[in-house]
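Asks: Sequence and predicted structure below; questions after.
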Amino acid sequence: QVQLVESGGGLVQAGGSLRLSCAASGRISSINAMGWYRQAPGKQRELVAVITSGGSTNYADSVKGRFTISRDNDKNTVYLQMNSLKPEDTAVYYCNAQGWDSSMAYMDYWGKGTLVTVSS
């Protein structure tokens, strides 16, 4: 089994910053992509940012220039630095990890989510 544990969410004023972390643990062989998704009330879950083990990144247009995704492969941890936060960034942020577990089965796991609230 693989677990993803997120941390770093909270309440911040517009224009402020937060840093999210997500650590993967358990029966992991290798993780290819790690990413952050978010779901606002009444909306579908959407991609925020993703990073591969080689460091390639992809961002949603709405966060480009404001958010930065990074990862520590040795620690199986992914980070999301969020700057210049806007009220529309308010959502539950979910961590995702895709790769192979210790039995070499493909894995696609989600964290439980961490709430980010940006006040105007």
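Replies: Looks like it arrived, so ask away. Predicted model only: the values in this text are computed from it and were never measured.
Asks: quick one: secondary structure of the residue of the chain most remote from its centre?
Replies: Largest separation from the mean C-alpha position in the chain: Ser103, at 25.0 Å (C-alpha atoms, centre = their mean). The three-state assignment at Ser103 reads coil, by DSSP: H, G, I helix; E, B strand; the rest coil.
Asks: does Val118 really touch Gln13, like I thought?
Replies: Yes - assessed by C-beta atoms under 8 Å, Val118 is found in contact with Gln13 at 7.3 Å. C-beta here means a position set from N, CA and C on the backbone, and glycine is covered the same way.
Asks: more neighbours, those two?
Replies: For Val118 versus Gln13, neighbours defined as other C-beta atoms under 10 Å are more numerous around Val118 (19 against 10).
Asks: State the helix or strand in which the more buried one lies.
Replies: For Val118, the element it lies in under DSSP states H and E is strand 114-119.
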